[in-house]
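Q: would you be able to build a 3D model of this:
(chains A and B)
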Amino acid sequence: MIRLHHAYLLAGALFAWAALVALRRLRWAAFLFWGILAVALAAGDRIREDVMGGLVLALAVLATLGLKPSRAPEAPARRLGGILVLPALLIPGLTLGFVLGLRPLRIAGRALLEPANATLVCLALACACALAAALVLTRRWPWAAATEGARLLDAIGWAALLPALLATLGSVFSACGVGGAAARLVGMGVPSGSRLAAVLAYGLGMALLTMIMGNAFAAFPVMGAAVALPLLVHHHGARPEVVGALGMLSGYCGTLLTPMAANFNIVPAALLELPDPNGVIRAQVPTALALLAFNILLMYALA
Amino acid sequence: MKPLLGILVVILGFAVRANPVLVVAAAALVTGWAAGLPLQKLLALLGSAFVRNRFLLLFVLTLPVVGLLERHGLRETVRGKVAGLRAATAGRILILYLLLRQTASALGLTTLAGHAQTVRPLLAPMVEAAAQRERGPLAPDTLARLRALAAATDNVGLFFGEDIFIAFGAVLLIQGFFRDQGIPLEPARIALWGIPTALAAFLVHGFRLWRLDRRLRDREDMP
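A: Alright, predicted model coming up:
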């Protein structure tokens, strides 16, 4: 069975290569940063949890110690023209093909792909196949591709760590009851008599709490228990399916507005080499605010 | 209200523009301390949560392919192809991408596209080339603005497509939440209520992209 673990090994190998590239240039902070990430990816589930926690803090400190990439001069390479688009399109194309073709496949009674993580496994498989195609086309060795990957990784820098770190913060928040406390704060300020006030508090609260937590999934149970259920559903008789769906979508508007949703907002700014790390958020503000207003109005009209 | 200290750290940290990684780590430590967790327990919580969430780092698997193809001229090739297509304006390319991304996400195919696998190697160079044909060489801030809009379009398409998909996590989360409160709901009925916002997202964002073309054509300043 092809499992998510194999994808972790592959990604760990890339981080290890990035660490070696950094070591060759005597960039110690970068060497340790990518090295620890390589270990965390490939063997994170075998390391004692509190030791792993210490490593996470070490990563955070290393990230602030100047991971600034040393811009290597771009060596000219053979230009190949239109055929290059093919491997690039293979990633989405094969992901789709594998999801449809391989996911249901069973060999000797066992699923070929780990069922719980099938789409991520399909993405990893598609990347591996596209890489093979790209290597054949460009007639380069695998380590050339690893070096190119390490170059892009260097350009992304600490932003690569942020999504997983934020998800970690989310876990700490929920383990320490942060959401409940925030919801009590919101709940205290809402007059129970006004339907409009309840809808506004819920919609805006979902967006704001999502901005703070970086994730609408984390905000929904909190705001649901604090405002949606007691005030909207029980007190004002709103329809729960409408309240649930539109509340979640109000949270998504918050996701478009916050650096805490790093994988959507900060990582692409680094990937696209934008001068402003908040550039993607700025481009999303008008859309997000218009849709938030739409969601709240719709909820008031229909729920 | 002591658990909220961590949120305060996050808000203050972003307000003074400290390194986000440091802010987040500090917020986790402060939250655990305020909740009275012993250090070893807090570290174990951090470690196990990080390991559970490391799938968020798997986007790096696309980088060797993308890096290798870029070194051999992928972006220049894409630019060259789009520059020859007169009908392909920056706004139209982005609107088409928005439509495809939303449709694919609504069918549950969220990993089909993304910032690393499609926006950087394909979408951004297409949009740049199309804008360049309208407007000549682009100023650095116009270029940054176009790339940011490409990333934004991917996000909008993803977010406001996936909520229509019945088996998507958000729909199941909503269903589970109300089921635990003794209110049984059909997932399909929850997903149905994602459709109006999905249409609104396409219209609102599509309108902005349509205006982008007019701005580029009239050589107005970029917003």
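
Q: which strand or helix spans the closest residue in space to A:Thr168 that isn't next to it in sequence?
A: Once flanking residues are discounted, A:Thr168 sits nearest to B:Ala49: 4.2 Å by C-beta to C-beta, 6 or more residues apart in numbering or on different chains. Heads up, the C-betas are built off the backbone N, CA and C, glycines and all. Using DSSP states H and E, B:Ala49 maps to helix B:39-52.

Q: and the next helix-or-strand element following that helix, what does it pack onto?
A: Downstream of helix B:39-52, the first helix or strand assigned by DSSP H and E is helix B:63-71. Using 3 or more C-beta pairs under 8 Å, 6 or more residues apart in numbering or on different chains; DSSP states H and E as the contact test, the elements touching helix B:63-71 are helix A:85-101, helix A:118-138, helix A:142-156.

Q: how about the helix or strand just after the shortest one: buried residues?
A: So that's helix A:142-156. Going down the chain from helix A:142-156, the next helix or strand is helix A:162-175, by DSSP H and E. Using 16 or more other C-beta atoms under 10 Å in any protein chain shown as the test for burial, helix A:162-175 gives A:162-175.

Q: now do helix A:162-175, average pLDDT.
A: Across helix A:162-175, pLDDT averages out at 84.

Q: using PDB, write down the CA coordinates of the helix holding B:Ala49.
A: The C-alpha trace of helix B:39-52 is given here as PDB (Å, rounded to 0.1, in the frame of the first residue of the first chain):
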ATOM      1  CA  LEU B  39       6.500  22.900  30.300                       C
ATOM      2  CA  GLN B  40       7.000  19.200  29.400                       C
ATOM      3  CA  LYS B  41       3.300  18.800  28.700                       C
ATOM      4  CA  LEU B  42       3.200  22.000  26.600                       C
ATOM      5  CA  LEU B  43       6.200  20.800  24.600                       C
ATOM      6  CA  ALA B  44       4.600  17.400  24.000                       C
ATOM      7  CA  LEU B  45       1.400  19.200  22.900                       C
ATOM      8  CA  LEU B  46       3.400  21.300  20.400                       C
ATOM      9  CA  GLY B  47       5.400  18.300  19.200                       C
ATOM     10  CA  SER B  48       2.400  16.000  18.600                       C
ATOM     11  CA  ALA B  49       0.300  18.800  16.900                       C
ATOM     12  CA  PHE B  50       3.200  19.700  14.600                       C
ATOM     13  CA  VAL B  51       3.700  16.100  13.600                       C
ATOM     14  CA  ARG B  52       0.000  15.700  12.900                       C
END
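
Q: please point out which parts of it sit buried.
A: Quick answer for helix B:39-52 (16+ other C-beta under 10 Å): B:41-51.

Q: could I get these in a markdown table, plus columns for distance to B:Val127?
A: Below are the buried residues of helix B:39-52 laid out as a markdown table (distance: C-beta to C-beta, whole Å):
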| residue | distance to B:Val127 |
| --- | --- |
| B:Lys41 | 49 |
| B:Leu42 | 45 |
| B:Leu43 | 45 |
| B:Ala44 | 46 |
| B:Leu45 | 43 |
| B:Leu46 | 40 |
| B:Gly47 | 41 |
| B:Ser48 | 41 |
| B:Ala49 | 37 |
| B:Phe50 | 35 |
| B:Val51 | 38 |
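
Q: A:Trp28: neighbour count?
A: Neighbourhood size, A:Trp28 [other C-beta atoms under 10 Å in any protein chain shown]: 12.

Q: quick check: which element contains the closest residue to it other than its chain neighbours?
A: Leaving out its chain neighbours, the residue that sits closest to A:Trp28 by C-beta to C-beta, 6+ apart is A:Ala22, at 8.0 Å. If you go by DSSP H and E, A:Ala22 is part of helix A:4-24.

Q: hang on, the earlier thing: now the helix holding B:Ala49 against helix A:162-175, angle please.
A: Inter-element angle recorded for helix B:39-52 and helix A:162-175: 130 degrees (by axes from the mean of the first three to the mean of the last three C-alpha atoms, to 10 degrees).

Q: tilt between helix B:39-52 and helix A:4-24?
A: Using the same axes, to 10 degrees, helix B:39-52 lies at 100 degrees relative to helix A:4-24.
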